[in-house]
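Undergrad: make a model of this:
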Amino acid sequence: MASDDDEIHERLIEGFTERLQHIINVEEVLGYLHFIETARKEPIVQKLNTEGNASAAKLLISVVVEKPHTEGWFRAFVDALHHGGSKLAADYLESNPPDPEVEAENDYCVQLIQLLAPSLVDMKTEEVCNHCFSRHLLNDVDKDKILAETRNKGNRNGASVLLSRIVRCRPGWISEFQEILRITEHKHLYELTGGSPECIKPKKGAAAEDNPEAESCQGEESMEITVTEGPPYDSTGLYASTEKFSIMENLHPDLSDCPAAEAAGTTKEGPKETDGFLRDYQMEVAQPALKGENIIICLPTGSGKTRVAVYITQKHLDSRRAEGKSGKVVVLVNKIPLVEQHFSTEFWPSLKHKYKVERVSGDSQLKISFTKTVERNDIIICTAQILENYLERADSGEDEGVKLSDLTLIIIDECHHTQKGGVYNHIMMRYLKQKHKNIKLKKAEKKLVPLPQILGLTASPGVGGANTLSKAEEHILRICANLDASKIMTRSLGKDKKEQRKSILTVEPRKEDPFGCVIKTIMNAIHEHAKLSPTCDLGSQNYEQWAVQRERQAAKDGDQAVRVCAEYLRRYNEGLILSNTIRMCDALSYLNKFHEEQIKKKTTPDEEQNIQITETERFLFNLFKDKKEELEKLARDPKYENDSLSKLRTKILQEFSTREMARGIIFTKTRHSAITLSQWIQENPKFADIGVKPSHVIGGGDQSDTKPMTAAEQKDVLKKFRTGELNLLIATTVAEEGLDIPACNFVIRYGHVTNEIAMIQSQGRGRADDSTYTVVDVKNSGVAEKECVNEYREDMMNKAIQKIKALSQVNYNKQITEFQIQAIMEERMRQVKQKKKAIKDESPSAVKFSCRNCIQNICSGEDIHVIEDMHKVNVTAQFRKLFIQRENTSLQERRLDYETNGVIACKACGQTWGSMMWYRGIELPCLHVKNFVVNINGKKNSNYSKWSDLPVKFPAFDYIEHASLMAQSSDDEETE
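TA: Below is the predicted model:
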């Protein structure tokens, strides 16, 4: 019997030898194998020192399975694996291997770490090592060896040993390692290993298109990434333990064998003549695209990138028509107003005589029949999310959808967004996956799937927050890789370049700020009442972040008093910021409106029933009431106004009084400040006297308390600005990129500076001759310093682009290929993790919801149903008893099957819970998760801002069943 067991154990070990030899830590395990004689151990140690761990492990396994066996040899071997830091190897021999999907995911994790090793070895090894040890990724022996290696041979050698150890851990180590990189402030390495936020399944149909934050994931594909031409596990493979831990030359195949030009069927020869349509510099940057190459065109705002794209489109379609082939061009934009702009001002006027041009966006009825629109037209201009939705439909088999192979040229506007979780990147990931498959098909001498040519347009790829030239170069190369660009084309504009005068206006601190002092007095009284001790300055962004965190923690803890105080403190802090940015009366108006809303929450719509007011809420109401008269008096005194507003007033007056036809844009941070600055200018007679005609233009999303602007309203304002009916726009970031705002001769950034891309984009709005660009500082904003940093990063970006252009094509292609393989591997990992996460979804019955304010239990997850994969509703009779309804016209929204109008709020405390919606003739309460504390299996969370963040799959709403119940109830009432 014993011999039969031995034979089974031998077969088991031999069956797993290829895998075991890469996950056994020979040095440690050998010390626990007491049944192997010392003389037999010496060759294993020698092989370990000369050929590495994998070769030594292979020899060790052969010695273990040699006959004759001592009694209990197999159990002793498994125990040695456990004690010697090789628990994963022990799992295989104890018939407890990881599931195939988990195993595959783990292999990809190991491959990714090996691919990224040259960057990862720059970690702070000792700090990371200590965290790995505390999280049980390393044992005592591992830790001592890594620290010794670090101190004796340097940080990088120690890091190499650390990486070779953690990849032998049980599956799941990658998430621990990513968290360690995050908490040890290795931000770049954390993101490099896939630590960026996970993408979310796209919402189907119009709703996803209209949501500016909508993200998407491609579905699982039956694709394998071949990383070596040899056996799955060779001695230099996944778990290499040599101290070099380097990337092999043959780690991946060359993706450059399948150029997009061949896949798209475009001609190798460019057009033989030009028609004067482009300027010299425009024609120069267009040349590679005219030959069918994938490129990025990087030219300043206002230099005619879209005109170049129109020309390339025409020549692309002309050449295919001449060859008797059909062509299909899709122009992708990231904002709805840009669809109409590109259609009406560029593509349609230029190409309507030869080709069919159509546009589709979230505001268009054609989005319902997008597949037919693509079939019937030659050029389609659309928002990227619409194309992504229909690519997903084709992949899922929901309907015919649209395939990449249906298209011959894709033009991506503002292509610097093709990174991380953006919709552009999801589309291009499909492209890269198919390109990789085409390489395999080509080797197998099978028919390739045609891919479209890619043309990216941008004024600035940016540097991605890089602080060094090499990191800036890497950021730009990654964008090139994501777009499969063979070149990035730039060109000096020469005589066409418009020089711009730039200035930064610093401000003097207020000598007296009694208005701000009163607000600070109120805030300090709230601190004392709630026993809060902030460590940051009042009126700063850091304070706002602190207040948000305290509100979330208090909601989670069920501390209603602190939660309400934190919310009030955030509002008072915003009031301080506004008083430093705009007029004191505007800040007071903001605070007045907030308090009126809070008081209104404590009264039912019919005013017959007052909602309970807590002691803390009464304290907060009275605190503002007592100080309101003093604030009103101070707000009327102009001598206390901030210096920033004075500087802005002077600058506007100067621009309009010294120019014959002044036209400008003022960029500001928030929608509220854009609206109030516009009102301030309209109310000031000095501005009217010199012909200033202002209006604001803000975004269309609903993430702010301020009512958004519809696309039609934006279009109307921009049209008036274009015709001269308006000559001054006060805008948020919505006007920074893309929108066609011609002939501005001054641009002002008022107290708001972000990154180098926004700086370049907003500077580009000043397209007229002799234009100016001015930054006006605001107290606590730090914009002057940020602008200097952005100038440095712009210079660094330009140098990085020149370095990339100086690379040999071979070297460039090699780096692009590596980044593409890494991107594909990371995407595959995300998909596996997403699938794994979906499997672990909690049951709705495990979820409880409580009011964010008064903490009363509201409902169970079993009461929640989903409409159109988006809206979460509760239709139970018990829930209807818990809320009241209030009208709120800013929430009105009308769609084909539903509309929203008004809010629902807690009957006990007045806290807003969501909105009331009409869906196909039925009134339904729709919940917004941000207004609740969510309890999942006893663990509370107050940070959820989107339903998609919850690890729960709620059932679909059964319209027929609910409508039938309502009809039956109505019949019963009539019978009575």
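Undergrad: how about residue 56, what does it touch?
TA: 26, 44-45, 47-48 (Cβ atoms under 8 Å, 6 or more residues apart in numbering). C-betas here are computed from N, CA, C, even on glycine.
Undergrad: give me the three-state assignment for the residue nearest the centre of the chain.
TA: With distances taken as Cα atoms, centre = their mean, the chain has residue 421 as the residue nearest its mean C-alpha position (4.6 Å). Here residue 421 is recorded as coil under DSSP: H, G, I helix; E, B strand; the rest coil.
Undergrad: picking up where we left off before, buried ones among the contacts of residue 56?
TA: 26, 44, 47-48 (16 or more other Cβ atoms under 10 Å).
Undergrad: what's the closest of the residues you listed to residue 516?
TA: residue 26 (68.2 Å; Cβ to Cβ).
Undergrad: got the phi/psi numbers for that closest one?
TA: phi -60, psi -50 (degrees, to the nearest 10).
Undergrad: one step back: show me the contacts of residue 56 that map onto strands.
TA: Counting by DSSP state E, those place none of their members in strands.
Undergrad: a markdown table for the residues you listed, including distance to residue 552?
TA: Converted to a markdown table, the contacts of residue 56 look like this (distance: Cβ to Cβ, whole Å):
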| residue | distance to residue 552 |
| --- | --- |
| 26 | 49 |
| 44 | 55 |
| 45 | 55 |
| 47 | 56 |
| 48 | 52 |
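Undergrad: filter the residues you listed down to the ones in helices?
TA: Under the assignment DSSP state H, those contribute 26, 44-45, 47-48 to helices.
Undergrad: out of these, which one sits closest to residue 844?
TA: residue 26 (49.2 Å).
Undergrad: identify the spatial nearest neighbour of the closest one, chain neighbours not counted.
TA: residue 56 (4.5 Å; Cβ to Cβ, 6 or more residues apart in numbering).
Undergrad: before we move on, what about residue 165?
TA: Using Cβ to Cβ, 6+ apart, the closest residue to residue 165 is residue 142 (4.9 Å).
Undergrad: what's the local residue count around that neighbour?
TA: Number of residues near residue 142 (other Cβ atoms under 10 Å) recorded here: 23.
Undergrad: which residues are in contact with it?
TA: Applying Cβ under 8 Å, 6+ apart, the residues near residue 142 are 85, 133, 162, 165.
Undergrad: quick one: mean pLDDT for the host helix or strand of it?
TA: Assigned by DSSP states H and E, residue 142 falls within helix 140-153. For helix 140-153, mean pLDDT rounds to 88.
Undergrad: just stretch 515-524 next, same as before
TA: Computed over stretch 515-524, the average pLDDT equals 94.
Undergrad: got a list of contacts for it?
TA: 510, 538-539, 569, 572-573, 575-576, 579-580, 584, 587, 623-624, 627, 630-631, 634-635, 640.
Undergrad: these in strands, which ones?
TA: Per DSSP E, the contacts of stretch 515-524 never map to strands.
Undergrad: of those residues, buried ones?
TA: Counted by 16+ other Cβ under 10 Å, the contacts of stretch 515-524 give 510, 538-539, 569, 572-573, 575-576, 579-580, 584, 587, 623-624, 627, 631, 634-635, 640 as buried.
Undergrad: would you mind listing the buried residues in stretch 136-144?
TA: Buried, per 16+ other Cβ under 10 Å, within stretch 136-144: 137-139, 142-143.
Undergrad: what's the end-to-end length of that stretch?
TA: In stretch 136-144, first residue to last residue: 14 Å (Cα to Cα, to the nearest Å).
Undergrad: could you do stretch 680-699 as well?
TA: 20 Å.
Undergrad: so how far is it off the chain centroid?
TA: Stretch 680-699 has its C-alpha centroid displaced from the chain centroid by 36 Å (Cα atoms, centre = their mean, to the nearest Å).
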